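Give me a model of this one.
(chains A and B, ligands or ions: 2)
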Amino acid sequence: METAKVNPERFESIGYILRSNIRQYAMLIALIVIMIFFQITTNGILLVPMNVTNLILQNSYVLILAIGMTLCILTGGNIDLSVGSVAAFIAAIIGTLIINQKMSVISAIIIGLLIGALIGVWQGFWIAYVRIPAFIVTLAGMLLFRGLTNTILKGLTLSPFPKSFQSISSGYIPDFFPFFDKFNLTPIVVSIILSIILIFVQIRKRRAKIKSGMELTPDFLFITQLLLTVFAINLFAYWLAAHKGIPIILVILGVLISGYHFFTTKTVPGRYIYAVGGNEKAAKLSGIDTNKVLFFVYLNMAVLSAVAGIAFSARTNSAFPAMGNGFELDAIAACFIGGASATGGIGTVIGAIIGALVMGVLNNGMSIMGIGIDWQMTIKGFVLLMAVAFDVFSKNKAK
Amino acid sequence: MQAILEMRNITKSFGGVKALDNVNFKVLSGEIHALVGENGAGKSTLMNVLSGVHPHGTYSGEIFYQGRNCTFRNIRDSEKMGIVIIHQELALIPYLSIGENIFIGNERAKSGVINWEKTHQDATKFLNKVGLKENPNVLIKDIGVGKQQLVEIAKALAKDVKLLILDEPTAALNEDDSNNLLNLLLELKKTGITSILISHKLHEVTKVADSITILRDGATIETIEVKGGEISEDRIIKGMVGRELVDRFPKRTPKIGRVYFEVKNWNVYDPQIEGRKVIKDVNIKVHKGEIVGISGLMGAGRTEFAMSVFGKAYGRQISGQIFKDGHLLTINNVQQAINNGLAYVTEDRKTAGLILIEDIKHNVSLSSLKKISKRGIINDDEESKAAINYRKKLNIKSSSIYHKIQNLSGGNQQKVVLAKWIFAAPDILILDEPTRGIDVGAKYEIYTIINQLADEGKAIIFISSELPEILGICDRIYVMNEGRIVGELAKEEASQESIMKCIMQSNRGRY
Ligand SMILES: Nc1ncnc2c1ncn2[C@@H]1O[C@H](COP(=O)(O)OP(=O)(O)OP(=O)(O)O)[C@@H](O)[C@H]1O
Ligand SMILES: [Mg+2]
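Ligands and ions are numbered 1, 2, ... in the order given. As a prediction, this is how the structure comes out:
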């Protein structure tokens, strides 16, 4: 028995780490399979550079919302139903300010984000401090802000926005290396720099871990992972380069995703969110201000809803009463496909992003194939159910 | 007598780790068979295999029950054959009545419509059998754990139990309730019911068991036939830990310093029931380097007192002062309590102590994240190091620091709770039943750690319902009864009798 105890940190934990991440690997593989499937059925249109860019532009709002929704779900399976209405409401306000009041784009955006934060304070207060279930508060918010959107817009569509506002969702980073006519070199340069930094950082991290005796993944796995990641980044950069370059919204998304990934995995408040969802009572007795955590999470969600509203109105070049209908469902589905647990405490930002991309590729691929919207919904519903069922099965098996 | 149950060569692994390795286990018809062993020895796992929690096919080996080879796919299968397991954690539904709980999944109903009259009648019948005088309409949440345990047994009887399995049934019970329960087992034995009893309280085992099987590291060590003769606890311990355990309590020469922690005029009201005072004018003080016990019966208000001191985590309209090293502290929430150097190790590890879906690493660091982070960013290396360190120090049986808490044995979960608060490096450590569900060997280790902490100059408050334990390690003992301190005993004058006397006197004084 003693021998088996020599250094258990090194052996068994590889299995544990792989198993606990199986869901994310599985979804990533599923995403790739789905992409290959549509690549074939659409005769290669899916991964044409223009369509890749399109995929990002189309789904930017879901990606943004999925990040915030992950945090909500983490705190205990709570969902925010108001995100679509809040996005519409903010878009309506910004639209009114810019188009009717001729306010500058920057000031309007700042005001929009501030109002988003105010909405978050409002909903967060009821949820965290009065302890009305999030489901109910945000259901009320869904109706409330939809109503206010209609009031502001008087039932009409506001359009068009000035070019500078539209460029948030349709503009590109200018080419710093304009050597080729139809090929934007900037993404390639950026991706090469990113790859070098990535390789450097990963190797240094690994060395440090080996030194402290806490390295877990074997060499070949580490190298394969690293090479695949570098390959993916560069392939993606090529696609961007072959179409107009790096979309501005992609930069915004990149900052948000990496920021929130870091926040949830590496910081103290991020850990608090997981703790509250895992066992609120234990979290409280460990000195965590659980009310504050809940409050922050819903405040954050409302601000991200505002960002999504801005991105979406910039893309559609309008603000209209029915805008954002069903956004909440897309975001929630993305989180669950990405491995979040409906009872809280389990889930990741990256998972939700993968989940959102799965939905996005399905939408896009089916549209190209000419499948009607009715069937698209049916299939998406089915995929959601299967993804979660897979989760349940794999968990039962592990037992 | 013939065997009612024989488990042969049972092997069960969890992802490469063998929890049971060729275990053989034989129970005779009509006996009380004790199953003992250290934390993580595999007792609960063996019983889960037997009752179908781990279904046939997920383990290897054979189960013969009443002479038949059984392949249970789930609990229902085993219950149909009269095998009922009462788990380490009670499985009653708090907001349903006693009667509803007794017949849950087994309703007195006709074509799906519940017959309440019969439910009530039958429930009363079974409650009588277990000697519980309660109205079946009372909600579970309104009765104490001792009574809940009896309801569990009534529930088993309602299922026509032949082999009753009890996994640490007395872990959360006081002496009286425990005795009550053990006597009930003896009664049931007379009616022909066979029981398997898992317990870390060896005096109970020696009291009721006809035979004792000892597990160690997932293997059967021996089965001892008691056969009317007496068997000593030391004999069992030797089998469990594989060596002689000379003392139950480590030796220590206390180095007691100045008064370090003081609670004065402490009053607390019930958070639910208006106007009900739970804690009444409590005054206690603890010196540096001192281990102070709070003894009392279950329901004396010890947990309520401790939690109200720990950042008002319990109660309403709390009044009184807390002093540390002569300074008045302002503590209004748990965060402030921790910042002022307090720590409270809960008695209820599953609901209030641990995040079950997370691993050892994240649980150990939970209340000390500030310490291992810089500008809000957690230092992963330091976090791992802490977990590795405590896993080794407390001998937490697990595959690695990434082992999920829900997959640890009960006693090892308790060690994680302790690790978490020791890592928080408090000055004042309040321990509420810290050795609940912990085996004798590990208890010794934990006492040693507590002694160490005291010798480092910390002030320690030790709450326990086990009198021998309180007497064994405390330097001074407060006796609490019905929310009041009713006695204070120095180590020399403390004994089971003197403690009970304090409680009796205070009861008499009131009537
Ligand atoms: N679902 C699971 N996944 C992984 N390991 C498990 C699982 N369940 C139990 N184990 C491991 O199996 C071993 C035996 O656990 P078990 O619960 O049977 O111990 P026990 O003898 O009941 O201990 P205690 O007295 O502490 O309750 C432990 O090392 C535990 O970590
Ligand atoms: Mg157990």
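
can you pull the pLDDT of the residue lying closest to B:Asp439 once chain neighbours are set aside?
Among residues not flanking B:Asp439 along the chain, B:Glu38 sits closest, at 4.4 Å (Cβ to Cβ, 6 or more residues apart in numbering or on different chains). Placement of C-beta: from N, CA and C, glycine included. With respect to pLDDT, B:Glu38 scores 89.

isn't B:Glu38 right up against B:Ala442?
Yes. Judged on Cβ atoms under 8 Å, B:Glu38 makes contact with B:Ala442 at a distance of 6.8 Å.

Quick check: neighbours shared by the two?
When contacts are counted by Cβ atoms under 8 Å, 6 or more residues apart in numbering or on different chains, B:Glu38 and B:Ala442 are jointly contacted by B:Gly411.

which residue does the stretch 101-250 of chain B bring closest to ligand 2?
Closest to ligand 2 within the stretch 101-250 of chain B is B:Asp167: 5.8 Å, counting by Cβ to the ion.

Just the element for the closest residue to ligand 2 within the stretch 1-150 of chain B, please.
Closest contact between the stretch 1-150 of chain B and ligand 2, by Cβ to the ion, is at B:Ser44 (3.2 Å). Assigned by DSSP states H and E, B:Ser44 belongs to helix B:43-51.

Do any residues in that helix lie close to ligand 1?
Yes. Using Cβ under 6 Å from any ligand atom, helix B:43-51 reaches ligand 1 at B:43-45.

Pipe those into TSV and attach distance to chain A, neighbour count and pLDDT per row.
Shown next, in TSV, are the residues of helix B:43-51 next to ligand 1 (distance: Cβ to the nearest Cβ, whole Å; neighbours: other Cβ atoms under 10 Å in any protein chain shown; pLDDT from 0 to 100):
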residue	distance to chain A	neighbour count	pLDDT
B:Lys43	17	29	93
B:Ser44	14	22	92
B:Thr45	12	22	93
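
Looking at strand pairing, list the partners for the residue of the stretch 101-250 of chain B closest to ligand 2.
With DSSP bridges as the criterion, B:Asp167 is bridged to B:Ile198.

tell me the mean pLDDT for stretch A:386-399?
For stretch A:386-399, mean pLDDT rounds to 73.

same check, this time on stretch A:31-50
Regarding stretch A:31-50, the rounded mean pLDDT is 91.

ends of that stretch, how far apart?
Start and end residues of stretch A:31-50 are separated by 19 Å (Cα to Cα, to the nearest Å).

Provide the contact partners of that stretch at residue level.
Identification of contacts with stretch A:31-50 by Cβ under 8 Å, 6+ apart yields A:51, A:238-243, A:354, A:357-358, A:361-362, A:364-366, A:368-369.

quick one: low-confidence parts of the chain?
Unless you meant another one, I'm taking chain A. Applying pLDDT under 70 to chain A picks out residues A:1-24, A:212-216, A:395-399.

Please refer instead to chain B.
In the predicted model of chain B, residues B:1, B:228-229, B:509-511 satisfy pLDDT under 70.

still on that earlier bit, which residues touch the helix holding B:Ser44?
With contacts defined as Cβ under 8 Å, 6+ apart, helix B:43-51 is touched by B:5, B:7, B:10, B:12, B:19-20, B:23, B:25, B:35-37, B:54, B:59, B:63, B:72, B:75, B:78, B:83-85, B:87-88, B:165, B:167, B:196, B:198, B:215, B:218, B:409-410.

B:Phe462 belongs to a strand, doesn't it?
Yes. Remark: B:Phe462 belongs to a strand, assigned using DSSP: H, G, I helix; E, B strand; the rest coil.

List the residues that contact it.
Counting by Cβ under 8 Å, 6+ apart, B:Phe462 makes contact with B:291-294, B:431, B:434, B:450, B:470, B:473-474.

how far off helix B:43-51 does the helix or strand just after the helix holding B:Ser44 point, in degrees?
Counting by DSSP H and E, the element after helix B:43-51 in chain order, helix or strand, is strand B:60-65. Angle, strand B:60-65 to helix B:43-51, by axes from the mean of the first three to the mean of the last three Cα atoms, to 10 degrees: 70 degrees.

Work out the sheet partners of strand B:60-65 and label each with its direction, please.
With DSSP bridges as the test, strand B:60-65 pairs up with strand B:3-14 (antiparallel), strand B:68-70 (antiparallel).

quick one: that strand to chain centroid distance?
How far strand B:60-65 lies from its chain's middle: 30 Å, per Cα atoms, centre = their mean, to the nearest Å.

Please apply the same query to stretch A:64-79.
10 Å.

Could you tell me the end-to-end distance of stretch B:366-377?
Using Cα to Cα, one end of stretch B:366-377 lies 14 Å from the other.

For burial, what's the neighbour tally of the residue nearest to B:Thr71 when sequence neighbours are not counted?
Nearest non-adjacent residue to B:Thr71, counting by Cβ to Cβ, 6+ apart: B:His56, 3.9 Å away. By other Cβ atoms under 10 Å in any protein chain shown, the residues close to B:His56 number 15.

Settle this for me: B:His56 is touching B:Asn74, isn't it.
No. Judged on Cβ under 8 Å, B:His56 makes no contact with B:Asn74 at a distance of 9.5 Å.

list the helices and strands the one helix or strand B:Asn507 maps to packs on?
Element membership of B:Asn507, judged by DSSP H and E, is helix B:496-510. Helices and strands touching helix B:496-510, as assessed by 3 or more Cβ pairs under 8 Å, 6 or more residues apart in numbering or on different chains; DSSP states H and E, comprise helix B:467-473, strand B:476-481, strand B:484-490.
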